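Asker: I would like the atomic coordinates for the input below:
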Amino acid sequence: MLKQKHTNPNIMQRPRQMQRLLFLLLAQLLKVVFCDTNEGPEHERRHGGPTLGHWTYTDQDWKKDFQQCEGKSQSPINIETSKTMFNKNLPKIILEGYSLPETTSLNLTNNGHTVKLTLPDSMSISSGFSQKYLAAQLHFHWGSVSSSGSEHTVDGTRYAAEMHVVHYAAKYGSLSTAALEADGLAVLAVLFQVGPNDNKNYNHIFDKLQDVSEEGVIVQIPGFDVNTLLPRQLYRFFRYNGSLTTPPCFQTVTWTVFNDTIQLSKAQLHKLETNLKTGHHTLDSNFRFVQPLNGRKVFASFSATLASRRMVTKEDTAESGGDDKSGSELREPNAYSTHSGDTLAIIFGILFGCTVLVFVIYVLRQRKRRSLNTESGQKVIYKPTTTMEA
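Answerer: Numbers count the residues shown, from 1 in each chain. Next up is the predicted model:
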């Protein structure tokens, strides 16, 4: 008689328990990476804080501890403008809720890898993607007193610094959950150049950098119009699929890198480069090296081969005495800037046409003149050229 085998129910439950445990560990890791907590520095110190994984920018061989960091769709990248693909169907980015009242309290913190400003989920990207993305935080990447520090480069040029505004898909409910999904994150990237004057729009953040110089410290700042931190021309950008630029390097980010840059003064950049600490060291050069494109396509919302990169700041408007507009009114492109490439093509076409017309008229006149000379009986006298002997 065969003995009936009995399955231990505990054994059947183990795979589910392991999956649940793995998910919780990933969620906790993301919480630490993004500092998605309001419980203060003591909470971070008790739970490992931003030093979890002990990764640094000095040794960027992160794949030893974070396997996805060696994936084929990593960020940042070098954007070669001549190889970007113009896509006129990329929708214009429209932001909502970016003008925050002063009664809103925002947390500014030094997490040991960057300076980060938490953002309320009342801020969102309402248009520009196939779904709605809610804001979570913004942070910066910079170099040192002797070198630039943007993460993305354009045609091999590394800019002074870079800002990322991180959003997550509303349908996933939280940043940590969305970061695990293929379409979970959307990041807006702004590149900085050195300008002659302070950019007053950034004083809300930079004036507080000394207060968060120590790792783990959090200070609160009142709300302000976050629109003023972004370029005016939000319709000129590069778009590609990539990853987080820090461990765990999840490849779940749709990147939008704005073409127009923002100016910061040397003094403001100096605050980033010297005021913050990680442990007992100065926090600087916190950028990841560019990663291979591996056949990915980089799209442009404008004709990148004809357009030149130019610096745009809100300071230009203030200094010229114009209105400092924001929101959709500020982003509305004029006809010239939107179709600058087409306009140039039309101008060159007209010039070429005029040249051809002038040439044709000249040829016709010469033929008519020769014809008149022949009819009047004038003879052409042949004169041989003088030859020189060797």
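
Asker: Scan the helices and strands of the protein for the one with the lowest mean pLDDT.
Answerer: One helix or strand of the chain scores below all others by mean pLDDT, DSSP states H and E: helix 327-331, with a mean of 30.

Asker: Distance check, the nearest residue to Phe302 once chain neighbours are set aside against Ser130.
Answerer: Nearest non-adjacent residue to Phe302, counting by CB to CB, 6 or more residues apart in numbering: Arg236, 4.9 Å away. (Each C-beta comes from the backbone N, C-alpha and C, glycine too.) The gap separating Arg236 from Ser130 is 20 Å, by CB to CB, to the nearest Å.

Asker: the more surrounded of the two?
Answerer: Arg236 (23 against 8; other CB atoms under 10 Å).

Asker: isn't the more buried one right next to Val257, touching?
Answerer: No. Using CB atoms under 8 Å, Arg236 is not in contact with Val257, being 10.3 Å away.

Asker: which residue sits closest to His204, ignoring its sequence neighbours?
Answerer: Phe224 (4.9 Å).

Asker: do Met85 as well
Answerer: Phe299 (5.2 Å).

Asker: can you check Gln263 too?
Answerer: That would be Gly195: by CB to CB, 6+ apart, it lies 2.9 Å from Gln263.

Asker: Mind pulling the model confidence for the one you found?
Answerer: The per-residue pLDDT reported for Gly195 equals 97.

Asker: and if you look at the one 3 residues further on?
Answerer: Taken from the predicted model, the pLDDT recorded for Asp198 is 96.

Asker: for it, helix, strand, or coil?
Answerer: Following DSSP: H, G, I helix; E, B strand; the rest coil, we place Asp198 in the coil state.

Asker: and what of Ala135?
Answerer: Criterion first, three-state DSSP; result for Ala135: strand.

Asker: Which pLDDT value goes with it?
Answerer: 98.

Asker: repeat for Val298
Answerer: 98.

Asker: residue ranges with poor pLDDT in the stretch 251-390 of the chain?
Answerer: Along the stretch 251-390 of the chain, segments meeting pLDDT under 70 span 304-390.

Asker: Kindly recompute the last result at 90.
Answerer: For the stretch 251-390 of the chain, residues meeting the criterion pLDDT under 90 lie at 279, 303-390.

Asker: And stretch 108-123, what's buried?
Answerer: 108-119, 121, 123 (16 or more other CB atoms under 10 Å).

Asker: Please report phi then psi for Asn203.
Answerer: Asn203 adopts backbone torsions of phi -60, psi -30, taken as degrees, to the nearest 10.

Asker: how much space between it and Ser82?
Answerer: 38 Å.

Asker: Which of those two has more residues huddled nearby?
Answerer: More crowded of Asn203 and Ser82, by other CB under 10 Å: Asn203, with 12 against 7.

Asker: Distance check, that one against Lys116.
Answerer: 18 Å.

Asker: what does Ser75 give?
Answerer: 18 Å.

Asker: swap in Val253?
Answerer: Taken as CB to CB, the span from Val253 to Lys116 is 16 Å.

Asker: same check, this time on Val166
Answerer: Relative to Lys116, and taking CB to CB, Val166 is found at 9 Å.

Asker: Overlap of the contact sets of the two?
Answerer: By CB atoms under 8 Å, 6 or more residues apart in numbering, Val166 and Lys116 have these common neighbours: 137-139.

Asker: Quick check: of those, which has the highest neighbour count?
Answerer: Neighbour counts for those peak at Leu138, which has 24 neighbours (criterion: other CB under 10 Å).

Asker: From what I see, that one and His167 are in contact.
Answerer: No. Counting by CB under 8 Å, Leu138 stays clear of His167, with 9.9 Å between them.

Asker: Kindly tell me how buried Ile79 is, as a neighbour count.
Answerer: With other CB under 10 Å as criterion, Ile79 counts 23.

Asker: do the same with Leu293
Answerer: Leu293: 18 neighbours (other CB under 10 Å).

Asker: The stretch 151-300 of the chain: strands as residue ranges?
Answerer: 153-154, 157-158, 161-169, 185-195, 218-222, 237-242, 253-258, 262-265, 277-278, 281-282, 299-300 (DSSP state E, counting those that start in this stretch).
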